[in-house]
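> Generate coordinates for the sequence data below:
(chains A, B and C)
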Amino acid sequence: MAAISVKHLKKYYRVHQKEPGLLGSLKSLVQRKYFNVEAANDVSFEIKEGELVGFIGPNGAGKTTTLKCLSGLLYPDAGEVQVLGFNPWDRKQTFLKQISLVMGQKNQLWWDLPPIETFNLNKEIYEVPDAQYKKTLDELVQLLEVEDVLKIQVRKLSLGQRMKCELIAALLHSPKVLFLDEPTIGLDVVMQKKIRDFIKEYNQKHQATIILTSHYMGDVEELCQRIMIIDKGQLVFDGQLSEIIQKYADHKLVSLILNQAVDPKVVAKIFPVKEFVYPKLVLMVKRDQIASTTARALEQLPVADLSIEEAAIEDIIRELFTGKDYA
Amino acid sequence: MKKYWTVFKTEFQKSSEYRLEFFGHMIMGLFTFAVMVFVFRAIFQGNPEIAGYTFSSVFTYLVMTKFLHPAIRWNVARLLADEIKEGRLSAYLLKPFGVLRYWFSLFWADRLVDILIRLSLIVAFLVLLPRYFSFPGFGTTLSFGLSLVLALFLNFTFNILLSLFAFWVTDIRLFSTAIDLAVGFFAGALVPLDFLPGILKPASFFLPFQYLLYFPIRVFQGAVGPEQTWVGMLISLGWLVALLILLDYFWRKGIKHYEAIGQ
Amino acid sequence: MKPLVSEIRRYLRLWRLLLRLSLSEMLMFRINGLLFGLAPIVWAATVLIFLGVIFSKVKTLGGWSLWETVFLLGVSETVFVVYWASFLINLRNFINEVRTGRFDQSLLKPINSRFLVSFRTLDFTLLGSFINSLAIFVVSLAKVSDQIHFSRLPGFLFLLAAAYAICYLFHFIFASLAFWVVNARPFLDWIFEIADFGHYPAGIYPPSLRMFFTFFIPILFFGYFPTAFLLGRLDNLYLGIAILLILALSIISRLVWRAGLQRYQSASS
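Now for the predicted structure:
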């Protein structure tokens, strides 16, 4: 049986539109215009136990909404959702004891107390036996290297340390299903890697089913074999990461800083320009042409600095919609 | 000069945005007001007149305090005290008197909207409850207005003076509420000063706080004769001058202390 | 039967833990005089002077003597601090959490959400007020002791417990409105202000108003009725009314909470 099963999930919000200005405010007092925002529109998928799946998509695409439906925070408007055999929104205690949701921006640690106190509290709330609690705590603390910060007030910790402790708090009861909503948001590159490594290791060790949402391509590349792309509430891709990279992220961005002005029209004729705002010139170059294009650019353009980046997830997804088909 | 006007304008707009909250607070004040009315009604049951008041005049007095007391209250002081506490005065130190003018603009922006709304509410009451109110004559209204302006100036100066404590004490919040309560009491916010027993009555008539609320309201009620009105206003003006002198003195001392600490 | 007992024990254990955490939280702050500020004393002074003023002009207020009225003040204020510290602060925080979406955290826990919402912290910041009002209570108790019949003590204690329940349930219902209205805090503020009617002997209010404050907005139960009962001024009937009120309010609050949760879970963004 699949750990998570979603069939034709639909969830929309009614939002009222307010016209700007004073007249708009007055109007909205009398008559409100509503329209539906489809946060999830006929989404279906199945996830097996132990899978590490990534949900990606631009902001507002419906990732968080789907996660909230899976964790029982939201009722779907249509469709079926089963997690570990439960209807999440019944919020049965046995269900809640087996899942965990970590939201990047909203934390559960008590702000003015050391993390260890929140951990203790969770132990009581989740009714974790003493021995198991000690074992799990030690393991997590070691893995995340936070021995020194356990007794320091949360408010005094850095963002990275806080995130690590949030993860511990979420995993003390050894959930079978873990939902991670933007876990690396706001963290520096080093910390992002550390968190990613931890998640990978945890998944392998405990066979926990993990769904990770992110709008960082990097999170997903490192961690997930299987990716689901959600855009405008629809599941537009569900498959292996390697497929996407091959099929859709076939280019990289070469950013050049020029130290002399050049005629944009001339540049556009010779190079695949994505955008050019002097002194920054960004080229969209196919992967197999990066070396040659970069060499040409260094030769023919007055380049002061150069960097090569992954295509932005938004670009990939945009490409997915403009004319290419996703079979 | 222009920048003070800008400060005034922005604060004015901010105050206007809190209109809903304002009305929420007004409705809340209504309940405590109602309780007071019932209490005084019970007191006046056996006695037609107490300390020179009838129930009707006490009612009027209570209405006026309900509307005006929040306008004569501790507000700017906390902000200035915070700035002192957090060492943000350095920017102002180049032009010390500019600070006071800045806060003055802030104060008035905040108070002006407040006062205007409250005064219009009082007028509304006048129209709706002719039994308790009678339209005071022009002279009385003028005196009332003048004494109210004086009250606001007094309140401002007193506010700033107290906030200066922040130069020496880490957190004025320790006693700001207590002072607010005490000042309100001696301003006649809880009960007309004429009712106070024993030594409290002469004490309250000695202190300047009576000019914040009690005096303007009594002028409005026509309980203060023309001579006494002038005397009262002169005395409150005198208090204002005294407070300004104290303000200047303590400001200088405070700044020296501030610099000495090396903020 | 057994699972019920273990459930109760579990919640008691949790409550003790939450208490300990609140205490730790409070100690983490520098203990500044905010806890023991002057304000409660000054406030008490002004109110006592006011009462002195009243009773210098009349012998009784609504049939109560000076010390009975002071006693009423002592009881009202003391119980208020208890209400505030134990659940009012939490209900106010709850309203904020619903607004900011932090309420999700409470929903994710395998624990009764009402419990978490109502008793999360114990707020110690009113400690100064508590000591203050307790002092008033004790002093005035001595002065009215000859009016207190020992036999009325159980009823008094019962009414105190009932007051807690009624005050809690009543506030809870209005706090739950946070599920529908963006800012539900004014509701709680208004209840607080209306409760001022319970600080004076109810004899000064017309009977219709008394009825209103007994059955409709039962603020007279918060502190006035227990005091009146202890002083021999209240009929046993009110014990029954208290029970009925608790029942009614329990049902209403349950319904409102369920409806509110449903609404929250169907439209949260």
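
> for chain C, what spans make up the helices?
The residue ranges that make up the helices of chain C, judged by DSSP state H, are C:2-28, C:39-57, C:66-83, C:89-100, C:103-107, C:113-119, C:127-144, C:153-176, C:185-194, C:207-211, C:224-230, C:237-266.

> How about the stretch 151-300 of chain A?
Secondary structure of the stretch 151-300 of chain A (DSSP state H, counting those that start in this stretch): helices located at A:159-171, A:189-206, A:217-223, A:241-247, A:264-270, A:290-300.

> How about the stretch 101-250 of chain B?
Taking DSSP H, counting those that start in this stretch as the criterion, the stretch 101-250 of chain B carries its helices at B:138-163, B:173-186, B:200-206, B:214-220, B:226-261.

> Distance check, the most centrally placed residue in chain A against chain B.
Computing the C-alpha centroid of chain A and ranking residues by Cα atoms, centre = their mean puts residue A:214 first, at 1.2 Å. As defined by Cβ to the nearest Cβ, to the nearest Å, residue A:214 lies at a distance of 38 Å from chain B. To be clear about C-beta, it is placed using only N, CA and C from the backbone, and glycine gets the same treatment.

> for residue C:213, same thing?
Computed with Cβ to the nearest Cβ, the distance linking residue C:213 and chain B is 11 Å.

> Please apply the same query to residue C:124.
Taking Cβ to the nearest Cβ, one finds residue C:124 at 17 Å from chain B.

> Now that residue: closest residue in space that isn't a chain neighbour?
Once its chain neighbours are removed from consideration, residue C:124 has its nearest residue in residue C:26; the separation is 4.6 Å (Cβ to Cβ, 6 or more residues apart in numbering or on different chains).

> wait, doesn't that neighbour sit right on residue C:121?
No. Residue C:26 is beyond contact range of residue C:121, at 9.1 Å (criterion: Cβ atoms under 8 Å).

> who in chain A is up against chain C?
Among all residues of chain A, those adjacent to chain C (criterion: Cβ under 8 Å from any Cβ of the partner chain) are A:13-14, A:39, A:65, A:68, A:71-75, A:77, A:89, A:91, A:93-97, A:99-101, A:103, A:106, A:108, A:110, A:112-113, A:117, A:120-121, A:124-127, A:153.

> ok, now with 6 Å
Remark: the part of chain A in contact with chain C comprises A:13, A:73-75, A:93, A:96-97, A:101, A:106, A:108, A:112-113, A:117, A:124-125, using Cβ under 6 Å from any Cβ of the partner chain.

> Among those residues, which lie within helices?
Judged by DSSP H, helices contain the following of the residues of chain A next to chain C: A:93, A:96, A:117, A:124-125.

> So which of the helices of chain C is the most surrounded?
With neighbours defined by mean count of other Cβ atoms under 10 Å in any protein chain shown, none of the helices of chain C is more surrounded on average than helix C:224-230, at a mean of 26.

> Need the residues that contact it.
The contact list for helix C:224-230, computed with Cβ atoms under 6 Å, 6 or more residues apart in numbering or on different chains, reads C:72, C:75, C:148, C:152, C:155-156, C:159-160, C:163, C:198, C:234, C:238.

> one more time with 8 Å, if that's ok
Counting by Cβ atoms under 8 Å, 6 or more residues apart in numbering or on different chains, helix C:224-230 makes contact with C:71-72, C:75-76, C:79, C:148, C:152-153, C:155-156, C:159-160, C:162-163, C:198-199, C:201-202, C:234, C:238, C:242, all of which sit outside it.

> Stretch B:225-239 now?
Judged by Cβ under 8 Å, 6+ apart, the contacts made with stretch B:225-239 from elsewhere in the structure are B:139, B:143, B:146-147, B:150-151, B:154, B:208, B:211, B:215, B:219, B:224.

> before we move on, what about stretch A:186-197?
Contacts of stretch A:186-197 from elsewhere in the structure, counted by Cβ under 8 Å, 6+ apart, are A:104, A:144-145, A:159-160, A:163-164, A:167, A:183-184, A:216, A:218-219, A:222-223.

> Could you export that stretch as PDB, keeping only the C-alpha atoms?
The C-alpha atoms that make up stretch A:186-197 are tabulated as PDB, following Å, rounded to 0.1, in the frame of the first residue of the first chain:
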ATOM      1  CA  GLY A 186      17.100  32.000   4.100                       C
ATOM      2  CA  LEU A 187      20.100  29.900   4.900                       C
ATOM      3  CA  ASP A 188      23.600  30.400   3.600                       C
ATOM      4  CA  VAL A 189      25.100  27.900   1.100                       C
ATOM      5  CA  VAL A 190      27.100  26.000   3.700                       C
ATOM      6  CA  MET A 191      24.200  25.500   5.900                       C
ATOM      7  CA  GLN A 192      22.000  24.500   3.000                       C
ATOM      8  CA  LYS A 193      24.400  21.700   2.200                       C
ATOM      9  CA  LYS A 194      24.500  20.600   5.800                       C
ATOM     10  CA  ILE A 195      20.700  20.400   6.000                       C
ATOM     11  CA  ARG A 196      20.500  18.600   2.700                       C
ATOM     12  CA  ASP A 197      23.000  16.000   3.800                       C
END
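
> Need the mean per-residue confidence for that stretch.
Taken as a whole, stretch A:186-197 has a mean pLDDT of 86.

> Can you list the buried residues in it?
Of the residues in stretch A:186-197, those scored as buried under the neighbour-count criterion (16 or more other Cβ atoms under 10 Å in any protein chain shown) are A:187, A:191-192, A:194-196.

> what do you get for stretch A:39-55?
A:39-41, A:43, A:45, A:47, A:51-55.

> among the residues you listed, which two are most distant?
For these, with distances taken as Cβ to Cβ, the pair at the greatest spread is A:41 and A:52 (25.2 Å).

> Against which helices or strands is the helix or strand hosting residue A:121 packed?
According to DSSP states H and E, residue A:121 maps onto helix A:115-125. For helix A:115-125, the packing partners by 3 or more Cβ pairs under 8 Å, 6 or more residues apart in numbering or on different chains; DSSP states H and E come out as helix A:159-171, helix C:2-28.

> on that earlier part again, any chance of JSON lines for the helices of chain C, columns distance to residue B:196?
As requested, the helices of chain C are arranged in JSON lines below (distance: least, Cβ to Cβ, whole Å):
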{"stretch": "helix C:2-28", "distance to residue B:196": "38"}
{"stretch": "helix C:39-57", "distance to residue B:196": "7"}
{"stretch": "helix C:66-83", "distance to residue B:196": "17"}
{"stretch": "helix C:89-100", "distance to residue B:196": "36"}
{"stretch": "helix C:103-107", "distance to residue B:196": "49"}
{"stretch": "helix C:113-119", "distance to residue B:196": "43"}
{"stretch": "helix C:127-144", "distance to residue B:196": "20"}
{"stretch": "helix C:153-176", "distance to residue B:196": "34"}
{"stretch": "helix C:185-194", "distance to residue B:196": "25"}
{"stretch": "helix C:207-211", "distance to residue B:196": "29"}
{"stretch": "helix C:224-230", "distance to residue B:196": "27"}
{"stretch": "helix C:237-266", "distance to residue B:196": "37"}
